[in-house]
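*Asks:* sequence first, predicted model second:
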Amino acid sequence: MTRDTPDDTGATDGTGRERGDGSEPRASPGVPEAGRDEQPSIFVPDDGERAGGSEADESEADERPATDGGVESATGGSDSAELDPDAYDPVDVFPGGDLDLREGADSCYKCTSCDTSCPVAEVDDEFPGPKFQGPEQWRLKRKDDHDIDESITSCSNCMRCDDACPSSVPLSQMHNEARGQFVEEQMEKLSVEYVRNRILANYRTSARLASVFPRTASFAMNFGPVRWAMEKTLGIPKERDFPEFATETFREWWKARGGAQVEDPDKRVAYFHGCYSNYNTPEVGKAMVRVYEHFGYEVMVPPQKCSGTPMFANGMLKDARRHAETNVESLIEAIGEGADVIASCTSCSMSLRQEYPELFDIHGIEDVSEHTYEALEYLRIHEDLEGELAGSELADDRSYAYHAPCHARNQGLARQAVETFRDVDGVNMEDVGDSCSGISGTYGWKEEKYEKSMKIGEEMFEHMEDAEGDVGMTECPTCAMQMEHGTGYEIKHPLQLLEETVGA
Amino acid sequence: MDHQVDVVVVGGGSTGCGVVRDLARRGLDAVLVEKGNLTHGTTGRMHGLLHSGGRYAVSDQKSARECIEENRVLRDIASHCVEETGGMFVKRPEDSEEYFQEKLEGCRACDIPVEVLDGEEARRREPYLARDVEKAIALPDGAVDPFRLCVSNAADAREHGARVETHAPVTDVLVEDGEVVGVEIEHETGPGKRVHREPGTTEEIRARHVVNATGAWAGNVGEMAGVDVEVRPSKGVMTVMNTRQVDTVINRCRPKGDADIVVPHETACILGTTDEEVDDPEDYPEEEWEVDLMIETLSELVPALKDARTLRSFWGVRPLYEPPGTGTEDPTDITRDYFLLDHGDRDDLPGMTTIVGGKLTTYRMMAESISDHVCEVLGHEATCDTAEAPLPGSESDARMEELMDEFGLRSPVARRSGQRLGSRADEVLDEYDPNPIVCECEGVTRAEVQDAIGEAGSDLNAVRLRTRASMGNCQGGFCTHRIASELAREYPEPVVRDAEDELYQERWKGQRHALWGRQLSQAMLNHLLHATTMNRDGDPANLDGEVDFGAFDAGAGSGPASADADEGGDAGTAATDGGRAGDDATTDGGRAGDNATTDGGR
Ligand SMILES: Cc1cc2nc3c(=O)[nH]c(=O)nc-3n(C[C@H](O)[C@H](O)[C@H](O)COP(=O)(O)OP(=O)(O)OC[C@H]3O[C@@H](n4cnc5c(N)ncnc54)[C@H](O)[C@@H]3O)c2cc1C
Ligand code: SF4
Ligand code: SF4
C-alpha cells in the first residue's frame, strides 16, 4: 500500500512487488524518479507474524535495494527496505491522502509544558495552544471528520513546543498536517487571506521576479502609497519594511566566479543557500563559500527551490511538496557524490532535517534529512574550530547581541555562536535570552498578527537594547528582519563574523 | 403504605431501563430501582458493539436475525448513542476458508447485508490491518454507548411519569399470601439524586407487579422472593486503547475464541474479550494474562496495537442463563438468547417476572416482550411504540456550525459534544456557559458537566458516564478537581471532596491494569501532581476534625507569634502538626488504596 499522496499516481499495491518485477526501468544511482519511490507506508508484520505473509515480504526485501537505485548503499540506508518491522508510519486514514497522526497522541501525558512555552499562546488569548492543536485535536478526530479548528492558522510554526515536550509528541508535524488539511479543505481559495498567505509562502517566486530589477523592486515595495495599498488589499502591515534585494544574487556571483575554487572529492559539501541568501543577503552565502573553502572543502551549489518553511507555516503543503521534489532530487544526487548538505539558514536546515521526512514520502528524503547540517554546526563537528579561533584576534573590538532562532534551538544549536566566538579576542557575544523573536517567518508579515508579533518580540528587543553591542547577530533571516525592525540595529550572520575571524 | 404503583422494575441496566421506558410509555405507573448508578452492572462493563448479527450468523441464527432487526431500530431511535462505524470479519491465512464461507452464507440467510472484500480493499478501508489479512466480510456492525442509551431510556421514562431511583438496592422482596406485592429498598443517601453525606433511609414500594431485571444478580433477587434463578455468570475482559487504531469494528473470522474483536468507541478502541464462568458476579479475579492475551492476539489483526498505549482494562460478567437441566459445560456454548421467567407459572409465585440473558443490542426487543407480558398479567391494553419513538437526544442531529458560532466551541469539541448531546445540544449549552472546557481529553464542556450534575447530584461517576469527562488519556489526573469544583456552587465543601475522591479512585481502579509504558508515566505524573500540589497524599482538610490553619501560618502582623517563630515556638507547632497530619494521611491513603483494590479486584 502506497501512501496516497497527491503526486502518487503509481503503484497501488504497495508491497513493492510491482516495482520489483522489472517492468519499470531501473533508475541510475542517486537519481530517483519522483512519484516512484514513495515508501510503502505501512507495517511489515514482525517476525512472529511472518509465517503467513512471508513470501511477499521477503521477495520485496530482496528486490528493494535494486529498485532503490543504490541510494541506500551510498548512504547507509534508511529508506523503505530497512523499515523497522515494528514501525508504523502514519497512513492515509483521512480523505485525500492526509496523514493519520492520532497515534502521536499516545505519547502525550498532558503536562502542558508545550502550552507554557508557546510564544503565541502567551500573547493571543484566542489561541488554544499546542496541546489542543496537536495531541488533543488529533485524538478527538475520526475518519469521517474533515474539519480542523480554524485556530490552527494562528500557530506561527516556531516549533518551540516540539522542543518543550518531554515526551516526543510530534507536535509540529501534527500542526503542519492539520494546517495543511485546513487550508486545503476549509479555506476560501479566493479570500484575501489565502492569496496573501500564498504570496508570503511563495516568497521565492516574488523574490525571483524582484531580483530582475532589484533596485526598483526594493524601492517600490517599500514606497509609502504602495505599502498602504498592500495593507488594505493584502493585509500586509505597512509598518514592516520589505527586505532589500541584492543587485547580484548569490547564484549570479557563484557563476561569475566560476564555481568552486577548491576541489576535493573527499571533502565535499552541497550548499543549500535558500531564498534569502540568494536574493537578499548574498554576503552570507559568499561568507559560507569562503569559510568552507578556507577549510579545504569543495563546495557544490546544486539547483534548488524553497525549503518549504514559509509554506508549512501557511498550510501550503502542495506547494511545499513540489519544491521538495526538486530539492530532494538534486541533493540526493550530491549526497551520492559524497557531499553533506549545509544550510546557512536554520529554518532551511530544520525543514530538510525534520519536516521533510515527517510530511513527505519522497524517495531519498530520509537520506537528505540525515545528511543535512547547519553551516556552523558542521564545522564545529568536523574541524577544530575552537583551536583555530583560540589565538585569533580582531583588529577592533566589537560586541554583538546574539539571538538564537527558535528553529536553531530545536536543533540543539542555541549556544553555538556564543561558544564558537568565546575565545576570540575582541569579540563580545552576548546571548539575549531564549525568547522568540516573534516574527516566525511569515507570521509577523500578516496585518492581523503584526501587533502580537511585536509583543512576542518585546523581550528580545529589550534585551538587545540592554546588551552592550549595537550590532545584532542571528542565523535566521526573518529573525534578523524582526531584530532590525524592533531595534534599528544592523544584523549579521555568524558566518560573516567567522569569515572575518579566520581571514577567509 | 397505601400507595401502590403498577410495576417496580429492579435493575438499571439496559434491560431495566428499556422496560421502564416501555411501561411508562404505555401509561403504566412504574418505578425503576437500581442499587448503583444506571449501568452499574454488566451494561456499564460491556464492549459497546452494536451487533449486526454477524457474530451469531453461524451458531445462533435466531439471535442473528434479532440483532440485525434491532440494529436498524437503534440507528434510528438512538442515533446519538450509536456510531455507524461498519464492521468487518477478517480472515488471516491460518483461519479456515470453510468457516469464512459458512459465515457468509449465514449472514445472507439472516438478511444481514454483506460485502466480500479482498485483503487490499480491506486495508484500504482500515490501513492498520495486518498485511497478511487475506479477505474480509464487511457488514453493518456499529458502536453503541451503553451509558447514554440507558440514561436516555430512563429520561424518557421519567418524562412519561415514571420514577427512577438509583443508589437504592432492593433489600427484600415483599411476599404476602403467596404473592409478590412489592420490594423494600434502601436509599443510601436518601431518595432522589445522590448527594454524598446525606443519611440513608429505607422505603417499601408496593406494586402490582415486580420485574426482576438484575441480570447476573437475578439469582439474589430471586432468593429474596424464595425462588431459584440459575444464572451462570461468565466474565470477560476488555482493554481500552488510548486512540482509535481502527474506525470500524474488526472481528476475527473464526468459530469462537478469546480476543477476537476490536470496537472503536468514542475516542478509543476497546479490545475484547474472554469468556470464563465465575461463581460470584461481584467477586472474581481480574488477571493479568487476560489483558496480555487481548493485546497479543489482537495484534495479529492490527499490529499497531502492540506498541499502542493502553489506558485501562475492565471486566464484565455475562448474565448467561439456561433452563434447568441443560447442562452445558463450556460457557461459550450457552445460548445468548434471553429468557422470560414468569414465577407465577414457573414457581407458583405470582406477582413477579424475571428477565435474563440476551444482549444489549436487543434490549428494546426484550423490553417489549416483557412489557407485553406485564400488560397481559395486569390486564392493561396499550401498544408498544418504542421501536418508532426516538429517545430524547435522538430527535435530530446537533448542528455543528451553530455550536461553534453560537457557543464559541472549537470544532473538535463541538463535534464530540454535539454527538453526545444530539438534539439536546442547544438546550444544554444554552443553560450554562460551555467554556472553559472541563475535560480536555474528551472535549467536555462545562455546560455538559453542569447538566449532568443537575441529573446526578454529587455523584461524579454518574456525571462521568453521562459526559465522558475523565475518560481520556489523563484518566482524571487533570480534570477530577475541575469537575468537582463544578459541584461547589451547589454543595458544601466536604461533599465536593468526597465526590472528587470517589471519582479519582474509580479512575485509578481501571488503570491498575495498564501500568506500563506511557500510561505508567501518566499515572506517575498524576500522582505527583495530586500529591504535591493538591496534598492528596495527606490533606489535613480531608481529616474530619477541625484544622488549625493558624498553626501553619501565624499570618503577618500577629506580632508575638512571628517573634516566637525564631525560638521555635509557633514554627515548632506547625511542624508537629504537619507531621501528625502527614501520619494520619498515610494511614488514610493506605486504607483508601486498599479499598480501591478490593473494590476493583473483587
Ligand atoms: C464482557 C461482555 C461484553 C459484552 N459485549 C456486548 C456487546 O458488545 N454487545 C451487546 O449487545 N451485548 C454485549 N454484552 C451483553 C450485554 O452487556 C448484557 O447482555 C446486557 O448489558 C445485560 O443488561 P441487563 O440490564 O440485563 O443486566 P445488567 O446491566 O447487569 O443490569 C442489572 C442491574 O441490576 C442491578 N442490581 C443487582 N442487584 C440489585 C438489587 N438487589 N437491587 C437493585 N438493583 C440491583 C445491578 O446493579 C445492575 O445495574 C456483553 C457482556 C459482557 C459480559
Ligand atoms: S509551533 Fe510555536 S506557535 Fe505553533 S503551537 Fe508550537 S509553540 Fe505555539
Ligand atoms: S509537552 Fe508534550 S506531553 Fe506535555 S502536554 Fe504538550 S504534547 Fe503533551
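*Replies:* The structure has been received and is ready for your questions. Ligands and ions are numbered 1, 2, ... in the order given.
*Asks:* domain ranges for the chain?
*Replies:* The chain I'm using is chain A. What automatic domain parsing lists as the domains of chain A is A:1-27+A:38-45+A:246-383, A:94-185, A:197-234, A:391-502.
*Asks:* ah, I was thinking of chain B
*Replies:* With automatic domain parsing as the reference, chain B has domains B:4-41+B:147-230+B:338-378, B:83-140+B:234-318, B:431-540.
*Asks:* can I get these in a markdown table including mean neighbour count, distance to ligand 3 and mean pLDDT?
*Replies:* In short, each C-beta sits where N, CA and C put it, glycine included. Formatted as a markdown table, the domains of chain B follow (neighbours: other Cβ atoms under 10 Å in any protein chain shown; distance: least, Cβ to the nearest ligand atom, whole Å; pLDDT from 0 to 100):
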| stretch | mean neighbour count | distance to ligand 3 | mean pLDDT |
| --- | --- | --- | --- |
| domain B:4-41+B:147-230+B:338-378 | 22 | 27 | 95 |
| domain B:83-140+B:234-318 | 20 | 12 | 94 |
| domain B:431-540 | 21 | 9 | 92 |
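*Asks:* and A:W254, which of those is closest to it?
*Replies:* domain B:83-140+B:234-318 (45.4 Å; Cβ to Cβ).
*Asks:* what distance separates the start and the end of the closest one?
*Replies:* Using Cα to Cα, to the nearest Å, one end of domain B:83-140+B:234-318 lies 23 Å from the other.
*Asks:* and A:D425, what does it touch?
*Replies:* By Cβ atoms under 8 Å, 6 or more residues apart in numbering or on different chains, the contact set of A:D425 is A:392-394.
*Asks:* which of those residues sits closest to B:D260?
*Replies:* A:S392 (71.6 Å).
*Asks:* that closest one and A:V424 touch, don't they?
*Replies:* Yes - the pair A:S392 / A:V424 is scored as a contact, 5.4 Å apart, by Cβ atoms under 8 Å.
*Asks:* give me every residue in the stretch 51-200 of chain A lying close to ligand 3.
*Replies:* Taking Cβ under 6 Å from any ligand atom as the contact definition, the stretch 51-200 of chain A meets ligand 3 at A:108-114, A:131, A:134-135, A:164-165, A:167, A:169, A:171.
*Asks:* narrow these to those in helices?
*Replies:* The helices, defined by DSSP state H, take in A:113-114, A:131, A:164, A:171 from those.
*Asks:* which of the contacts of A:D425 are buried?
*Replies:* For these, a burial check counting by 16 or more other Cβ atoms under 10 Å in any protein chain shown picks out A:S392.
*Asks:* any chance of the contacts of A:D425 in TSV, plus secondary structure?
*Replies:* Output for those, formatted as TSV (DSSP: H, G, I helix; E, B strand; the rest coil):
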residue	secondary structure
A:S392	coil
A:E393	strand
A:L394	strand
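*Asks:* same list (the contacts of A:D425) but as JSON lines, adding pLDDT and distance to ligand 3.
*Replies:* Formatted as JSON lines, the contacts of A:D425 follow (pLDDT from 0 to 100; distance: Cβ to the nearest ligand atom, whole Å):
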{"residue": "A:S392", "pLDDT": "84", "distance to ligand 3": "42"}
{"residue": "A:E393", "pLDDT": "83", "distance to ligand 3": "45"}
{"residue": "A:L394", "pLDDT": "85", "distance to ligand 3": "42"}
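*Asks:* which one of the contacts of A:D425 sits closest to ligand 2?
*Replies:* Proximity of these to ligand 2 (Cβ to the nearest ligand atom) peaks at A:L394, which lies at 36.2 Å.
*Asks:* which of the three states applies to the closest residue to that closest one other than its chain neighbours?
*Replies:* In space, and not counting its chain neighbours, A:L394 is closest to A:G426: 3.9 Å by Cβ to Cβ, 6 or more residues apart in numbering or on different chains. What three-state DSSP gives for A:G426 is strand.
*Asks:* ok, A:G426 - contacts?
*Replies:* Shown in contact with A:G426 (Cβ under 8 Å, 6+ apart): A:393-398.
*Asks:* picking up where we left off before, can you list the domains of chain B in JSON lines and add distance to ligand 2?
*Replies:* Formatted as JSON lines, the domains of chain B follow (distance: least, Cβ to the nearest ligand atom, whole Å):
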{"stretch": "domain B:4-41+B:147-230+B:338-378", "distance to ligand 2": "33"}
{"stretch": "domain B:83-140+B:234-318", "distance to ligand 2": "20"}
{"stretch": "domain B:431-540", "distance to ligand 2": "15"}
